[in-house]
Every structure is written in C-alpha cells, then in structure tokens.
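Undergrad: quick one, fold the following:
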Amino acid sequence: MSLSMAEDDSASEIHIPADIDWHMLDKSRFFFLGAALFSGVSAALYPIVVLKTRQQISPTPISCFKMSFAIMRHEGFRGFYRGFGTSLMGTIPARALYMTALEVTKSNVGTVTVRLGYSDTTALAIANAAAGLSSAMAAQLVWTPIDVVSQRLMVQTCSSSSRSSGKNSIPSVSTYNYNNGLDAFRKIMYSDGFRGLYRGFGISILTYAPSNAVWWASYSVAHRLIWGGFGCYMGKKDENGLALVHGCSGSSVGGGGGFRPDSRATLAVQGLSAAMASGVSALITMPLDTIKTRLQVLDGEENGQRRPLTIVQTVRNLVKEGGFGACYRGLGPRWASMAMSATTMITTYEFLKRLSTKTLD
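TA: A predicted model of the protein is given here:
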C-alpha cells in the first residue's frame, strides 16, 4: 500500500494534490522540465539570497533597504546577480539529486509507515521528514562547492557597499579577486585544495538536513490541517449540515460526492502551507545557516597568514559582534526567500509532477 493510496483513503472528500508516486513519473520529462522550471525560480529569487548572504557576513546590523541601495549605487543591478551563473550551473544536478532522493524516500518510507499501522497524518509527516533529510544530504554533495564559489562571488565587492552605508567594513573575504566562477574555482583549489571547495560541508549538512526535514514535516501537517479547517468551514455552510471532510464531525458529504477544490484553492493552500513551514524552519535553523555562510566565505589571520575560520572562532566572533542576536542577521531576507522559494517550489513541483505523469496506453 503506497502513501498516496493512504491519503486517498483517509481524505477522500478533500483531494490533497501530493498523490503522484515515483513509479508514476516519466523520469526523462521529469528531469528535463524540472531543470527548466527551477532555473527560472532560482533566477527570480537570487537577489534575495545575495542580500541575505551579505547581511550574514556584516559585522554590524544593516537593513535590507540600505544594503540594496548600496549595491545599486556601487555595482548596479548586476550586483544582485553576482555568482548567479555558477549557482545556476550547480542548481541543475543538485536539483536532480534532490528530487530523486525526495521522491524515492517519500514513496518507500510512506509505504513502510502505513504498513506499521501509523495514522495517515503521522505516516505522511514521517515520510516527508525522512524524504527532506535524505534529499538535502544528497544535494549537498553537489551544492556545497557551488555554494562556496557563488557566495564568494556574491560578497567580494561588498566592503565598499558597507562603507557607503556608514557601517564598518566587512572582514576580509579572500586575498584573491575572482573574475568569474571558473576563476574562483581554480584559485580556491590552488590556495586550499579540494577541501576548500567543501569548506563548511559538515555545518551545511547540519543546517540543510534538519531544515528540510522540519520543512517537509511541517508542510505536510500544515497542508492537512488547512484542508481540514477549510472542510469544516465549508461543512458549516452546507445546507444539509454535513461535514465535508473527515476530522471535522466524523461524517462526510451525503451521496459520496465530496468536495473537490479548484486550482485556485489548491494553489492557495499549497502556498500558505509552504509559508508556514518556511517560518518554522527559518527560525529553528537560522543560527546554523549564519555560521555556515561565514565559514564558507570569511578567513582569519594567524601569524600573518590567511587561514579558514573554525566553528568555534566563527561563533566567538558573532557573539562579540552582537550576542546571540547576531546569529539572526539576515533572518528577514532568509524567511522571505524561503517562503517565496518554497511557495514557488511546491506549486511548481506539483505542477511538474503532473506534467511528468506517465500516460496510460
């Protein structure tokens, strides 16, 4: 018994969209369309990632407005897309790994949890959490080197922007000036070796794996709760006084017709669920994300030589700069980025799965 079948059994009167299993997908179409769709999403949201990254490495708080103004003044619109080419190049294979691990894990774990007798909501949350965990770990194998390179390109000219806003200059990002992603890759390899490309890999796993697990679990729970609440509300409006979904009054619509939401209702519920899940995930994992970003782009000095910062040094510097609150610099852009990215991602992802469903002969 698959997880999607369990969903249909438990919520037959509200048709939850996430009901397409891995084996039902045309894999070639899934990966090809996915690369195109998610590349567009990445392009639209990249400026917010640049703002978040620059705020995280700033030694003093600076507002999004002032940071944006400084970037436009000193670098122009192109400043919001520094490192985008490199990021896009890594997005395609990273997304492919992510989506594969996500769907395979969700399908397999969902089947096991249902067979073990868990309730449908619990089984769905467990399956989504496990899928988020495994997909994040798989994607980081590709994404960490891309992250290191693209983030260094994002911030290498931000010292002048910081000075223009009246703040202290940002700590030295690197002794090198990078011309492009390939040049940055070559210079990082020359100075730090292969390990330099995986700087912060451990903290990345500790950041993104729990973040994805929390996000997918929160999303699945929020998704069902919102549909349940919506069904209760519609049930109250039903002239026969009957509930439209299970979990409201334990009954369903007479005649078995049930409630079939249109595409706008489905989109709204997906977006609201994604935004709620993003808020929970951002609040829980923001300090780890700040530490990860600083580990990947900032250097320290020891006996006049440039050396990568350790986690202890990074935490100590953050505490000196602003206490525990310094770990939450960039929370606004990160929350906004996660919410918009997640909303776009989940709606695009569900649309992608439907476009990629195998046609029956």
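
Undergrad: buried ones in stretch 44-55, by neighbour count?
TA: Of the residues in stretch 44-55, those buried under the neighbour-count criterion (16 or more other C-beta atoms under 10 Å) are Leu45, Tyr46, Pro47, Ile48, Val49, Val50, Leu51, Lys52, Thr53, Arg54, Gln55. C-beta coordinates here come from the backbone N, C-alpha and C atoms, glycine included.

Undergrad: can you redo those residues as JSON lines with distance to Arg199, pLDDT and secondary structure?
TA: Formatted as JSON lines, the entries for those read as follows, by distance: C-beta to C-beta, whole Å; pLDDT from 0 to 100; DSSP: H, G, I helix; E, B strand; the rest coil:
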{"residue": "Leu45", "distance to Arg199": "24", "pLDDT": "83", "secondary structure": "helix"}
{"residue": "Tyr46", "distance to Arg199": "21", "pLDDT": "90", "secondary structure": "helix"}
{"residue": "Pro47", "distance to Arg199": "24", "pLDDT": "91", "secondary structure": "helix"}
{"residue": "Ile48", "distance to Arg199": "23", "pLDDT": "87", "secondary structure": "helix"}
{"residue": "Val49", "distance to Arg199": "18", "pLDDT": "88", "secondary structure": "helix"}
{"residue": "Val50", "distance to Arg199": "19", "pLDDT": "89", "secondary structure": "helix"}
{"residue": "Leu51", "distance to Arg199": "22", "pLDDT": "89", "secondary structure": "helix"}
{"residue": "Lys52", "distance to Arg199": "19", "pLDDT": "86", "secondary structure": "helix"}
{"residue": "Thr53", "distance to Arg199": "15", "pLDDT": "86", "secondary structure": "helix"}
{"residue": "Arg54", "distance to Arg199": "18", "pLDDT": "87", "secondary structure": "helix"}
{"residue": "Gln55", "distance to Arg199": "20", "pLDDT": "85", "secondary structure": "helix"}
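
Undergrad: would you check how far apart Tyr118 and Val112 are?
TA: From Tyr118 across to Val112, the span is 9 Å (C-beta to C-beta, to the nearest Å).

Undergrad: overlap in contacts, the two.
TA: Taking C-beta atoms under 8 Å, 6 or more residues apart in numbering as the contact rule, Tyr118 and Val112 touch no residue in common.

Undergrad: tell me where the stretch 151-300 of the chain has strands.
TA: 299-302 (DSSP state E, counting those that start in this stretch).

Undergrad: could you list the low-confidence segments of it?
TA: Regions of the stretch 151-300 of the chain meeting the criterion pLDDT under 70 cover residues 157-176, 230-263.

Undergrad: what segments of it are helices?
TA: In order along the chain, the stretch 151-300 of the chain carries the following helices (DSSP state H, counting those that start in this stretch): 158-164, 181-192, 194-197, 201-237, 263-297.

Undergrad: of all those helices, which one comes closest to Gly40?
TA: Nearest to Gly40 among the helices of the stretch 151-300 of the chain is helix 263-297; the distance by C-beta to C-beta comes to 17.2 Å.

Undergrad: contacts for the strand or helix carrying Val319 next, please.
TA: Secondary structure from DSSP states H and E places Val319 in helix 311-322. Around helix 311-322, the neighbours that count as contacts under C-beta under 8 Å, 6+ apart are 59-61, 203, 290-291, 294-295, 298, 300, 309, 326-327, 329.

Undergrad: can you check stretch 149-159 too?
TA: Stretch 149-159 is touched from outside by 49-50, 53-54, 57, 71, 74-75, 79, 82-84, 86-87, 90, 169-170, 173-174, 177-178, 180-181, 184-185, 188, 197, 293, 296-297, with contacts defined as C-beta under 8 Å, 6+ apart.

Undergrad: so Gly271 makes contact with Glu350?
TA: No: the pair Gly271 and Glu350 does not pass the contact test of C-beta atoms under 8 Å, sitting 11.2 Å apart.

Undergrad: what comes up buried for the strand or helix carrying Ala138?
TA: Counting by DSSP H and E, the element that carries Ala138 is helix 120-155. Residues 120-121, 123-140, 142-155 are the ones in helix 120-155 that count as buried (16+ other C-beta under 10 Å).

Undergrad: between that helix and helix 181-192, how many degrees?
TA: Orientation check (axes from the mean of the first three to the mean of the last three C-alpha atoms, to 10 degrees): helix 120-155 against helix 181-192 gives 90 degrees.
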